[in-house]
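Engineer: how would this look folded up:
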Amino acid sequence: MQTTDRTQTTQTLPIPAIAQYFATMNAQDYAQTAALFASEGILHPPFESDIIGPEAIAQYLQAEATGMQLQPRQIEEQGDRTYHVTGKVKTSLFTVNVAWFFILNPDRQIASVTVKLIASPQELLKLRSRA
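Structural biologist: Take a look at the predicted model:
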C-alpha cells in the first residue's frame, strides 16, 4: 500500500485516469471527465442515486458540479486498481473535506468513483442552511 501525504496537483497524481479526472473537473470539462469512465462506469455522488454511464455522468456533472474546484491532497493505493484520495472541494459558498474512492478496470478506465463528504453533522447542517 502506497500513501502520498503531500498536496497533490493533477501533474503529481501518479495514476493518469485519476489525474485527468481532477484536471477535467477543475476545467469544468464534464464531457471529458465522463469519457474517463468505462461504458458502464458508475459515479456514486453523496446523497444521490448512482449515475451510470458516461452520458448520464456528463449530464449530472454539468447540472451539479459547475463552479466546484477539487483539491486532492493525499492518495493511497488500496489494492489492485483501487485508490483512495482525500482532499477538499471548494465552491463559492463553502469548502468541505472530501474522500474519493476510485476503482479502475483492467483498461485503466474508471469503473467507479464514490464521493463521500468528510464532515461533522454540524458542518453538514451549515452547508444545508447555505444552500
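
Engineer: switch to C-alpha atoms for all contacts and neighbour counts from now on
Structural biologist: OK.

Engineer: can you tell me the closest non-neighbouring residue to Ala31?
Structural biologist: The spatial neighbour of Ala31 that comes closest, neighbours along the chain excluded (CA to CA, 6 or more residues apart in numbering), is Ala58 at 5.2 Å.

Engineer: counting by contacts, list what the one helix or strand the one you found maps to packs against.
Structural biologist: Using DSSP states H and E, Ala58 maps to helix 54-64. In terms of contacts (3 or more CA pairs under 8 Å, 6 or more residues apart in numbering; DSSP states H and E), helix 54-64 is packed against helix 30-35, strand 37-44.

Engineer: could I get these as JSON lines with mean neighbour count, mean pLDDT and distance to Val98?
Structural biologist: Listed next are the helices and strands packed on helix 54-64 as JSON lines, based on neighbours: other CA atoms under 10 Å; pLDDT from 0 to 100; distance: least, CA to CA, whole Å:
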{"stretch": "helix 30-35", "mean neighbour count": "21", "mean pLDDT": "98", "distance to Val98": "18"}
{"stretch": "strand 37-44", "mean neighbour count": "20", "mean pLDDT": "98", "distance to Val98": "13"}
